[in-house]
Each structure stands twice: as structure tokens, then as C-alpha cells.
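1. coords below, sequence missing:
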């Protein structure tokens, strides 16, 4: 049986959140599945060693628009899928897979209003396969960096963010690292890309950051063995936080303006910090609280998780 799963959300965190349901479908039907995803999800890197995955099909710009609709449909038709699971309510994907000749179609109700992405995916999957599915993600990798010095605590600082309103100030990360270093023997790793080079250099140029290791010149796949071996992730609500959780690493995640109910409550390994004055678990895209996150609160939570 050939199975296709369509997950069109573009973020790395989105892909991680959907992993339990992708794996559950693969296990239920005892077959590897193909994924139709957007390139920004970095699925090709993240799932390269996942035995549940048969093929990653990238939903690129050429498959947008009317012409792209038929290109997508024709591409799927060539693969002769027997069954498809569509994790959205889009009529476009519904018609595309029908044009592709896929007979067994499972999809969210068409035109439904937006809902909590974890709740929607969990209920949808459980209804189809008839089994309870845990929301805890598991990112499958073959290698772990076993060369990390166990006499240190290894801490990854996630300074990158998908937008400026999600980014806790780099000076806060420097001060946080300084305070942790006074109490614990530790090494720091900086999770950021080439777009974050100015922030990375600022951290490296600080006294506490002189010996840190940064990831800006590595692919995500290359960082996974190291990330699996660290003791704690501390950083913004970004893909690195969700990757850490999926690698079974505790993630202290700063939610400046993302809805915790959707992105921060699916895993017991994720501990969240909200801006001052915001009720626990109540951040939204309108919170805009990057300047209201308490350094002392982040430090206190980090030390708890490291001890």
C-alpha cells in the first residue's frame, strides 16, 4: 500500500508537532509513507534517517496557482498512491488528490474554521486509525555525539526566531549565560542561522561566549547528533526548541507572542516562560511581549532544569 500524507504548514515546529501522527499512520498500516511538505519545514534534513518515511515531496512554488494545481496533481498521479491523509481543510488539496486518482481520501472537514493544531491533528488521526496517539514527538536519528564532556552541562541557546516580535534580546542571552556560568560548569551552543550572524558574533565577542560553538555554518541534519546530547535548550519559540523536544531534550522556551496552547503544551519536555503580566499559557500572536520577559524568571527555571 502506498500512502501519502499532506502537511502544508511551513514551519519546522509544525513538522515536529505532526510527527506523532505521521508515525502513527505508518505503524497502523505497516508501511513507510510519503510526505508532501513545504521546503521551509526542512523535512529532508530532519527525516533523512526516519524509517517511517519513504519519500519527501516538496510543495514548491511551481505547484502553486492554477498551472501548479495540475502539475501537483500529475506528479501525485505518477506515484499511484492508494490512500491519502490531508492535515488541513483545503478544497485545493482535496481536488488535487482526486484528479490524481487517489481513491481513499481522509481529510479534515472542508472549510472548517481554524482550531488548535495539536488537538485537530490528534482527533483526526485517532478517528481514522482507531487508536490513541501520544502528542510526544520522536525525531529519529542514528547518531548521538558521545564526545561531549560529561563534566560540563551542555546548554543550547536558541537566539534565532521567525520574526522580530518572537526574539528575546541578545543582551539577555549574554547575561543569562553569565549568571548560569557563575553557578554551573557549562558549555554553550548557539542555535542560529546565517541570518543571525550579527547576533551570534555579539554573543561570541562577549566574555562568556568566547568558547561557545555556533551552528550557523551547519545544516540542520549536521546539528542533530550534538543537539541530542545536550542537557538543556533555552531560547525563543522557534524550530530549534521543537527539534530539541523531539530529540528528548528539555526545552525552556520563551513565548513572546506565540500561542502556547498550540505550540507549547504538546510535550512534557517543553517548559514555557511567558512575558510578565500574562497568565500562564495565555500568550497569543497579539501578546508582543519580548521586552517583558523576566531574565530572573528564565534564569530560575533554567537552573531548576539543570539540577
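-> All right, it came through fine. Owing to the predicted nature of the structure, the values given are computational and were not obtained by experimental measurement.
2. Residue 45: how many residues sit nearby?
-> The tally of other residues near residue 45 (other CB atoms under 10 Å) stands at 15. For every residue, glycine as well, the C-beta is placed using N, CA and C.
3. And it, its phi and psi?
-> Torsion angles at residue 45 (phi, psi; degrees, to the nearest 10) stand at phi -80, psi -50.
4. That one reaches residue 223, doesn't it?
-> No. Counting by CB atoms under 8 Å, residue 45 sits too far from residue 223 to count as a contact (9.2 Å).
5. Give the buried residues for stretch 60-76.
-> By neighbour count on 16 or more other CB atoms under 10 Å, the buried set for stretch 60-76 is 63, 68-69, 71-73, 76.
6. list the helices and strands the helix ranked longest in the chain packs on?
-> Longest helix in the chain, counting residues (DSSP state H): helix 12-28. Judged by 3 or more CB pairs under 8 Å, 6 or more residues apart in numbering; DSSP states H and E, the packing partners of helix 12-28 are strand 3-6, strand 33-37, helix 43-46, helix 117-129, helix 239-246.
7. Out of these, the one nearest residue 92 is which?
-> strand 3-6 (10.3 Å; CB to CB).
8. what about the helices in the stretch 151-300 of the chain?
-> 170-183, 197-204, 220-229, 239-246, 260-263, 295-306 (DSSP state H, counting those that start in this stretch).
9. Tell me the helices and strands packed up against the fourth one.
-> Here helix 239-246 is seen to pack against helix 12-28, strand 153-158, helix 220-229, strand 232-236, strand 251-254 when contacts are counted using 3+ CB pairs under 8 Å, 6+ apart.
10. Of those, which is nearest residue 99?
-> Once the helices and strands packed on helix 239-246 are compared by CB to CB, helix 12-28 is nearest, at 22.5 Å.
11. between the closest one and helix 117-129, how many degrees?
-> Going by axes from the mean of the first three to the mean of the last three CA atoms, to 10 degrees, helix 12-28 is angled at 10 degrees with respect to helix 117-129.
12. if we can go back for a sec, will you turn the helices and strands packed on helix 12-28 into a markdown table that also has mean pLDDT and distance to residue 284?
-> Formatted as a markdown table, these follow (pLDDT from 0 to 100; distance: least, CB to CB, whole Å):
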| stretch | mean pLDDT | distance to residue 284 |
| --- | --- | --- |
| strand 3-6 | 98 | 27 |
| strand 33-37 | 97 | 26 |
| helix 43-46 | 96 | 27 |
| helix 117-129 | 96 | 14 |
| helix 239-246 | 97 | 18 |
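13. Just name the most buried of the ones you listed.
-> Mean neighbour counts were taken over those using mean count of other CB atoms under 10 Å, and the top value, a mean of 28, falls to helix 239-246.
14. got a list of contacts for that one?
-> 11-13, 16-17, 19, 42, 46, 137-139, 156, 158, 160, 191, 220, 224, 227, 230, 233, 235, 250-251, 253, 263, 267, 269-270 (CB atoms under 8 Å, 6 or more residues apart in numbering).
15. what angle sits between it and strand 232-236?
-> 150 degrees.
16. Report the angle between helix 239-246 and helix 220-229.
-> 50 degrees.
17. hey, least reliable of the helices and strands packed on helix 239-246 by pLDDT?
-> The weakest mean pLDDT among those belongs to helix 220-229, with a mean of 92.
18. tell me which residues in it are buried?
-> 220, 223-229.
19. For residue 115, see how far away the closest residue to residue 175 other than its chain neighbours is.
-> Of all residues not flanking residue 175 in the chain, residue 295 sits nearest, at 6.0 Å (CB to CB, 6 or more residues apart in numbering). Residue 295 sits at a distance of 35 Å from residue 115 (criterion: CB to CB, to the nearest Å).
20. Good, wrapping up.
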